[in-house]
Structures are given as C-alpha cells and as structure tokens.
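Peer 1: just need the structure, nothing else, for what follows:
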Amino acid sequence: MNPAVSLAADAEPTLGAEVEEVRVTGKKDPVQEASPTRTSVDRERLAQPGMRLGEALRVVPGVAIRDTGGYGAFASASLRGGTAAQTPVYFGSVLLNDDVAGTSDLSAFSPALLERVDVYRGHAPLTLERQGLGGAIVLVPRVPRERVLEAGLTAGSLDHTLATLTGGDSGDAGEVIAMATHERATNRYAYRDDRGTLFDARDDAWRLRENADTERTSAVVSARSNLGPASVRVLGFGTRGVQGVPRLAVLPSLAARLAQGRELAAVEVQAPAGDRSVVSVRATGTWARSQYEDPLAELGLGAPSLALTGSRYEQRVAIDHQEERWRLFGSVGALEESLLRRGGEELDANRLTVRVHGGASFDVSERLRIETVLTHDGVATTASGRTITEREGRDGVTQGRLVVRFREGVHEALLVGARYARVPTLGERYGVDGATRGNADLQPESGEAIELVGRSSFGPERLVRVEVAAYARRMRDLIDYTKTSPGTVKPINVGSARLLGAEATLEVKPGESWSLGGVSTLLDAQDTTASSSLENRRLPFRARHVESLFVRVFPEFGHRRTLRFEWRTNVEGERTVDPAGLARIPGQRWSDASLRGTAGALELAVRFGNVFDEARVDVVGYPLPGRTVDVTLAGALP
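Peer 2: You can find the predicted model right below:
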C-alpha cells in the first residue's frame, strides 16, 4: 500500500493512538476487523517539510479543504459535499468543532504533533458518538513505541521556520510522550491582484500579501498507565499564537491583529467488568480564546476590539460487551458548552446536551456482519446580551445508521443507510460579530444518506488494489449564510438539497520499492428547494471533480539508510461561489514533490510545494501561496 495514504482496517479512536486497549476476550473474526470506510494519512506525509494539515488531507477522496492563506491561516475540512460544520473533527477522542461557527480550524494543529489522520467516509466505529453527514475525521497524536528523543528544524519560503522537540518512553507499565513546536512565518507571498475587475486583465498587478504573519507555540502530552487489568489514559494539548488578520486581497488590512489560545485535557479510565465487558469513564474539557484588535475598523467588528471565549466540558460513562459473534456498546454523557462575546454586541450563551448512544454488531456468518448505531441528543440553550433579551430553547435530534458488511477473501463490500441531524451552534443562533449576525429562529438541519462501498486487490502479492464508493444524500433545512446588508451576513434555513457522488482509489505496486496510483472524486450537489427561483442549482464551493495522482519511490540501502521520494499532481474542478452561480473559481491544477533521506539517527528532507507556481484559491479574495521550498534537518538519540 501507499505508506502515506492508505486504506486501513477499522480502528476506534482513543485518547492516544495505536496503544493496546483493554480488550474483552473471545474470537475476532476477520469481518469484524476490516472496514473499507477508513482512509489514513500517516506520518510519512504529515512529516514532509512545510506540510500544513489542510494540504495533507487534500489527497483523501471525498475531502474538500477551504484554506484562506499560508501558515496559520484558517483552514477547514468537509466530507462528501457537506459543510465544515457538518464534519466532526476529533483530536484523539476530543471533539474540536467550536460553537462559534461549528467548524474546526486545522491550522491550530501542526502535522508534526500527529501520528496519523484517520478519515472515516460515511461509516465510523461504533464508539464514535458524533458523525457528520459525510463521516468524521480523527487526528491521532503520536505514541512512542520505544524510548525516543528527537529534535528537528524546518526552514523555507515565506520566512517559515518550525522547531520541534519530542521525548517519550514506553514499557510494560505504560507509555508517555511529550511534544513541543514553535512555528512562525511572515506569509508575504506574491499574488495577482485583479483590482476587483475579474474579467479585465489590463489593470491586474502583482502584490505581496500583507499583515498575514503568524507565530504559534504548541505542546502535547499523552500518557497511559496500566493498573493491573485496568488502564488510565491522559491527553493534554495547548497552543497560543498571534497573527495578522488579512482581508480580501483587493482591500488588504494594515493593522488588524488576532491573539488566540486553545487548551484541551482528557482523562479516561478503562476496566474490565467480567470476562467479556469493559467499562470506561471519560472526562474532557476544552477552552478557547480569540482576541481581535481592529484599531482602523478594517474588519467590521462593530468595535475596536472583540473577545470570544468558549468552553466545553463533557463526561461520559460507557460499557462495551463482546461475545464471539456479537457486540453491544452503550454510553450516556453530558456536555456543557458556553460562548462569551465581549466588545460590540455582547453575548452570554450556554448549552447543555444530554446524549444517549448505543450500537450493536452481529456476525451472521464468517462473511456477513450487520451493525446498527443510534444516538439521541437532548439540548437546552439559554442566551442573553446587551441586544439580546433572555432566550431559552430546547431541541432534540436523533441520528442513526444501519450497516451491512460482506467479505470474501480479499473482496469486501459495505452497504450503509444513515440519518443525520445537527442543532445550530451558539454562534449561528446568536451571532459572532458585527459582520456575522445570528438567527435565533434557526431550526436543526437533517438528512438521510445511502452508500455502497467495495474494495479488492488483484494479482500476485496484491499487485493492484482498488476501492470504489457511490452515495446519495438528501438534506433538509440546510443552514447557510445570506447577505442582509453590505458587509453583513446572517444564517438561514434554506430548504433542501441532494448530493450524488462517487469515489475511486487505485494503487499499483509493481516492486518492493515503488508504487503509483491515484484517487478521484465526482460530486453533483444540487439545491432542490421548490421555492427557489434561481436557474443555477449547484451548491457553492463544491467542485464537481477532484483528482490526485502520485508516484512514490522508497529504496533502502542497508540498515537504517533509506530514501523516500513522492510526486503528486492534484486537480480540482470549477466551483461556484454564490447561489446564482455568477461568480466562479476556475479549475486548478498543481503539483508537489518531496524527498527524504535517512542515515542512522539523522534525517534530511526537502519539499517543493506548488512546483510550477500555479495560481490557487479556495475562498474568493484569499489567494493561496505559489511555489514554496522547505528543508528539514532532524535527529534522534539512538
């Protein structure tokens, strides 16, 4: 398989990564262990010099990234035509989606801190309590497999530097790892400014991106301790940074600044309850702060400064019981969230969610397995502020899925039917700032989906591996933003939509030291609202086709002497950016290349991003960097 992006067997997200969990005894059938719904991006790709998390995930079928710039710029991910708010992103087992916009900012997590990223398209493990319309994404922190002490330094284009330090140890009693990174960049890259006249190239000029600098320090601690048959896991993460806040390229900002901080902590205890059951108790907390300073009123905040503070606390008790042919999982949890806004229109919003989750699987035969999952959330919300009278609201949403899985040797198939629902976030209901208003009358969005997935391999030593997937989705009461006045937007329920999609992955490995292949995603996303008078029915920001082709060479030259080369060419189709389809982002194509060599405990790597310096953009007015070159030198104690 391609070591950088692989189709992997089913694995359940834990606080750490590939640590051995407390498991019940009993036979495990091959049908139970494999799943064609997970694609993993492993450390081979994540550790490439200058790699940003959003860029690393672009090569996964079904994933769409919206990136607003260089290092430190906001970037979000969505799956299979959904929105970022419909796509849960986890760090270990801790949900990262905030309650301002419901999205997770991928730029807050350096790939250097991660072991791998698991992308579950459509169907995720029974224990993952929240899934989006198209699946879920799990960021897996690094785990030591032996004593390790590493340090690395990366330098490159955009005045980018990254320093990393990692130390850890593992043994029979458990393991512990601590990682720290410090990253900075000016992000002063050239872009073509059309001066607001998209169809008139005569007044175009080259500019440098201004006020886009960033500096961030992050740290992760992950530990597991074995206490007889039980285990205790602890996970902590913290990041703090300051950066400029650039506006649209045609009207760049000069003085707007943002200071951010984010921490999360989680503790989980697992213990056997009899020979075939495991009981787990988990408590997590996340805290986030964003302080905007806008002395020149460039951002439309409605005040010279704006402070957003959010927190989330969750407690969960779960039991996992497994027999030889069937498994039951159930959990009950409570989730408390708060959002404070100070500056401009003040807000104090709180939400309490009680969640009941259950799942079951049954092996009908050695080849056939059936799974079912059901989750119900009861939500109570209160809000008050300077311009908001005391408000209370209650919502209840139910999600579920039914899965039929068949496996015959190397051939595997999966049929999934699912129902999705999401309560509007606090930010969607009560607003973020002066430019992004709230709508207290928003209703939960919901939808249904069906998908068919197949995976197989052919030839000697599985020479050719292939995966295909097709799906159909229907959504109601979609939450989307509409312009209410110049410079102001407001979320509304827009009606209904349907999505049809197909994905394919092909890999050929002719020899032990090289492989080639590619992935392709096709998507037809249409607005089906009966009352809409628009001739264009395409949903904005969704490319009809995305492809990624790769070739990898990885020879070895004796003990601990290796060379790794990868070339990737990526293609994205045209995207509309407004409901009427009048403004469009043209199709784009770019290539990346990386080379890494190791000799004993030393490693030297170089990566060329956007090799041919192609113009790229995900969000209109926010150009992405052109060609970049980054070099990493790293070493480890033997």
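
Peer 1: residue 589 is in contact with residue 615, isn't it?
Peer 2: No. With contact defined as Cβ atoms under 8 Å, residue 589 does not reach residue 615; the gap is 10.2 Å. Backbone N, C-alpha and C define where each C-beta goes, glycine included.

Peer 1: how far away is the closest residue to residue 557 other than its chain neighbours from residue 604?
Peer 2: Of all residues not flanking residue 557 in the chain, residue 563 sits nearest, at 7.2 Å (Cβ to Cβ, 6 or more residues apart in numbering). Per Cβ to Cβ, to the nearest Å, residue 563 is found 10 Å from residue 604.

Peer 1: what residues are shared contacts of the two?
Peer 2: By Cβ atoms under 8 Å, 6 or more residues apart in numbering, residue 563 and residue 604 have these common neighbours: 596-597.

Peer 1: returning to that earlier point: now the residue nearest to residue 557. Its backbone dihedrals?
Peer 2: For residue 563, the backbone dihedrals are phi -140, psi 130 (criterion: degrees, to the nearest 10).

Peer 1: show me what it bridges to in the sheet.
Peer 2: Counting by DSSP bridges, residue 563 is bridged to residue 597.

Peer 1: what residues are up against residue 381?
Peer 2: By Cβ under 8 Å, 6+ apart, the neighbours of residue 381 are 349-352, 391-395, 426, 429.

Peer 1: host element of it?
Peer 2: strand 368-385 (DSSP states H and E).

Peer 1: hey, where'd the helices end up in the chain?
Peer 2: 30-33, 43-46, 53-57, 426-430 (DSSP state H).

Peer 1: got those helices as CSV, with mean neighbour count, distance to residue 575 and mean pLDDT columns?
Peer 2: Formatted as CSV, the helices of the chain follow (neighbours: other Cβ atoms under 10 Å; distance: least, Cβ to Cβ, whole Å; pLDDT from 0 to 100):
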stretch, mean neighbour count, distance to residue 575, mean pLDDT
helix 30-33, 16, 38, 35
helix 43-46, 20, 25, 92
helix 53-57, 23, 16, 95
helix 426-430, 25, 23, 83
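
Peer 1: turn the ones you listed into JSON lines, columns for distance to residue 538.
Peer 2: Listed next are the helices of the chain as JSON lines, based on distance: least, Cβ to Cβ, whole Å:
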{"stretch": "helix 30-33", "distance to residue 538": "39"}
{"stretch": "helix 43-46", "distance to residue 538": "31"}
{"stretch": "helix 53-57", "distance to residue 538": "23"}
{"stretch": "helix 426-430", "distance to residue 538": "23"}
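
Peer 1: for those, which one sits closest to residue 374?
Peer 2: Residue 374 sits nearest to helix 30-33 of all the helices of the chain, at 20.0 Å, using Cβ to Cβ.

Peer 1: gap between the top strand by length along the chain and the chain center?
Peer 2: Selection of the longest strand in the chain by residue count, based on DSSP state E, yields strand 388-408. Relative to its chain's centre, strand 388-408 lies at 19 Å (Cα atoms, centre = their mean, to the nearest Å).

Peer 1: now swap in stretch 98-117 and tell me
Peer 2: 6 Å.

Peer 1: avg pLDDT for that stretch?
Peer 2: For stretch 98-117, mean pLDDT rounds to 86.

Peer 1: quick check: end-to-end length of stretch 79-93?
Peer 2: Start-to-end span of stretch 79-93 (Cα to Cα, to the nearest Å) is 19 Å.

Peer 1: if we can go back for a sec, the longest strand of the chain pairs with which strands?
Peer 2: With DSSP bridges as the test, strand 388-408 pairs up with strand 368-385 (antiparallel), strand 411-422 (antiparallel).

Peer 1: go through that strand and flag the buried ones.
Peer 2: Of the residues in strand 388-408, 388, 393, 395, 397, 399-401, 403, 405-407 count as buried by neighbour count, 16 or more other Cβ atoms under 10 Å.

Peer 1: ok, stretch 366-374 next?
Peer 2: Those would be 367, 369, 371, 373-374, for stretch 366-374 by 16+ other Cβ under 10 Å.

Peer 1: neighbours of residue 530, how many?
Peer 2: Using other Cβ atoms under 10 Å, residue 530 has 6 other residues around it.

Peer 1: distance-wise, check the closest residue to it other than its chain neighbours relative to residue 102.
Peer 2: Sequence neighbours aside, residue 495 is the residue nearest to residue 530 in space, at 7.4 Å (criterion: Cβ to Cβ, 6+ apart). Residue 495 is 19 Å from residue 102, where distance means Cβ to Cβ.

Peer 1: so for those two, which residue has more residues nearby?
Peer 2: The neighbour count for residue 495 versus residue 102, taken as other Cβ under 10 Å, is higher for residue 102 (22 against 16).

Peer 1: show me the contacts for that one.
Peer 2: 84-85, 422, 424-425, 427-428.

Peer 1: from those residues, which shows the smallest pLDDT?
Peer 2: Comparing these by pLDDT, residue 427 comes last, at 81.

Peer 1: pretty sure that one is touching residue 340, no?
Peer 2: No. Using Cβ under 8 Å, residue 427 is not in contact with residue 340; the gap is 11.7 Å.

Peer 1: could you list the low-pLDDT ranges of this structure?
Peer 2: Residue ranges of the chain with pLDDT under 70: 1-36, 99-101, 195-201, 386-391, 433-435, 483-488, 533, 638.

Peer 1: apply 50 and report the result again.
Peer 2: 1-3, 7-14, 16-34 (pLDDT under 50).

Peer 1: how far off centre is stretch 466-485?
Peer 2: In terms of Cα atoms, centre = their mean, the centre of stretch 466-485 is found 17 Å from the chain centre.

Peer 1: try stretch 109-123
Peer 2: 7 Å.

Peer 1: let's number from 58 now, not from 1
Peer 2: Yes, from this point I'll number from 58; that puts the last item at stretch 166-180.

Peer 1: if residue 575 is in a bridge, with which residues?
Peer 2: On the basis of DSSP bridges, residue 575 is bridged to residue 563, residue 606.

Peer 1: nope, residue 368 is what I meant
Peer 2: Going by DSSP bridges, residue 368 forms beta bridges with residue 344, residue 395.

Peer 1: wait, it sits on residue 341?
Peer 2: No. Counting by Cβ under 8 Å, residue 368 does not reach residue 341; the two are 11.3 Å apart.

Peer 1: what about those two, which has more around it?
Peer 2: Between residue 368 and residue 341, counting by other Cβ under 10 Å, residue 341 is the more crowded of the two (23 against 17).

Peer 1: next one: phi and psi at the closest residue to residue 681 other than its chain neighbours?
Peer 2: Spatially, and ignoring its direct neighbours in sequence, residue 681 is nearest to residue 673 (4.1 Å; Cβ to Cβ, 6+ apart). Residue 673 adopts backbone torsions of phi -140, psi 150, taken as degrees, to the nearest 10.
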